[in-house]
Structures are given as structure tokens and as C-alpha cells.
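Undergrad: coordinates only, sequence not included:
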């Protein structure tokens, strides 16, 4: 083969490679649109193409998007696998908001898969990453309360970025439980009083808060209030097997 023909063939080979690469880039662009805007199996396939594409910097985003598609399809195991793949690839490199979303999603899917250890682990990481999901803060606080780490539970709840108008009875109940565990019954009383005076709730929810308020009032020796709240809790159907004995003790203290 003469030199001119060799050069010509080399140029044609390079041009073919460049054209093929350009076409693949265009195809990848179309798949990016399908991945991030589409739904169902076709969107999953498009995201898979981007994830396996050897060049490009959106693999973590494509994985997160595919995990959301799996979640929409109730494919919990595949969802969790994609999210954990993002974490293993270096979650620290993600934007803080996205990192919080990944950990929040991992906590949620771990709950669906009944993986309690992972729920606690990823909920804590979500909180540390600044998640704005109130449910995550409650989940972490409840886990700390169950482990008798009351100060940590209170700290999580007090730092939760939840506007006052969006705080629910479960939030104030958890905060009161944390304060009670620390022996801060005055703080518990204040939290529960805020819930009962300011937050509307169905009767069963009110009954649960009233029961807790009655127990706190008993510890504070505010027996008149304890009798009022425990009496309401019993009438409203709260699960309170200890209430009758407490009410008898309170009546004795009040001379009733």
C-alpha cells in the first residue's frame, strides 16, 4: 500500500470514528431527555444508557433519576441499589440538597424493606445533610428516644427546619418525650401545651397528647390538670392502662 493511500485510509478511519462518536453523543443527548423527562421502562432504559455511557458527568444524577423511576414502579430493591451506588461513588461530592435527598430516599426505601438498621443510619445522615423532610427528623428523634438518647432526640427536633405552623402533634409529643426522658418536665409541659392550644388534630391524636400531658402534669404535681387531661384521654379512647390507677392516686392527693 502506497503512502498516499495509507494516509487516505487513515483520514477516512478517523472521520468515521469522529462521525460515530458524534452520533453517539447525539443519541446520548436524546437518551438524557428520555431519562430525565420520560416515564416507565423506556425512561429506565435511557437512564441505564447514560449510567453505562463511558463519558459524561451526570452518572450520579442518572442513577438518582432511575432510582425515582424504580420507586414509582415499586421496585424497592432496585431503587435501594441505585441509591447505595450513588453513596458508594462518593456522596460527599454531591450538592448538599441532593445528598440530603439521597439519604432521605434511602431511609424511606429501607423502611419499606424493613431494614431498621439502615433506616436509622440513613435518617441520621439525611438530618446531618440538612434534609427538609419533617418525617426524617421525627424518625431520627424516635430512634434516639427508643435508645434513651433523649438529649440527642431533643437536639434533632429543635434543629429541624420545620416552620412553627407546620409542626404537628407527633412533633410536640416526641419533643415532650425527649424532655421527659431528660427529667425536664417543665419543657415537656410547654411543648404539649403548645400542641394542645395551637395545633388542630383529630380526636385520637388529641387523646394521645392529652395522655402524655396528664403524665407530665402528674410528675409536676399539677394534679388538677393531670386529672383533667388523663380523664379526657380515657374518655377519648387513648391506650392508657395506667390511667385508672393514676386517677385514683390523684383523687387521693386532692382529697376527692
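TA: Received the coordinates, thanks. Only a predicted model underlies this, so the values are computations on that prediction, with no experimental measurement involved.
Undergrad: so how far is the helix or strand hosting residue 208 off the chain centroid?
TA: Counting by DSSP states H and E, the element that carries residue 208 is helix 203-219. Taking the mean of its C-alpha atoms, helix 203-219 sits 27 Å from the chain's own mean (CA atoms, centre = their mean, to the nearest Å).
Undergrad: could I get the average pLDDT for it?
TA: Confidence over helix 203-219 (mean pLDDT, whole number) is 95.
Undergrad: now do that helix: everything it contacts.
TA: Identification of contacts with helix 203-219 by CB atoms under 8 Å, 6 or more residues apart in numbering yields 169-170, 172-173, 176-177, 180, 185, 188-189, 192-193, 195-196, 201, 223, 225-233, 236-238, 240, 243, 246, 250. Using the backbone N, CA and C atoms, a C-beta is placed for each residue, glycine as well.
Undergrad: buried members of those residues into PyMOL, please.
TA: Buried members of the contacts of helix 203-219 can be picked out in PyMOL with the line below, counting by 16 or more other CB atoms under 10 Å:
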select buried, resi 169+170+172+173+176+177+180+185+188+189+192+193+195+196+223+225+226+227+228+229+230+232+233+236+238+240+243+246+250
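Undergrad: circling back to that earlier point, and the helix holding residue 208, which residues are buried?
TA: Residues of helix 203-219 classed as buried: 205-218 (neighbour count, 16+ other CB under 10 Å).
Undergrad: between these, which is nearest residue 114?
TA: residue 208 (24.6 Å; CB to CB).
Undergrad: how close does the closest one get to residue 196?
TA: According to CB to CB, to the nearest Å, residue 208 stands 11 Å off from residue 196.
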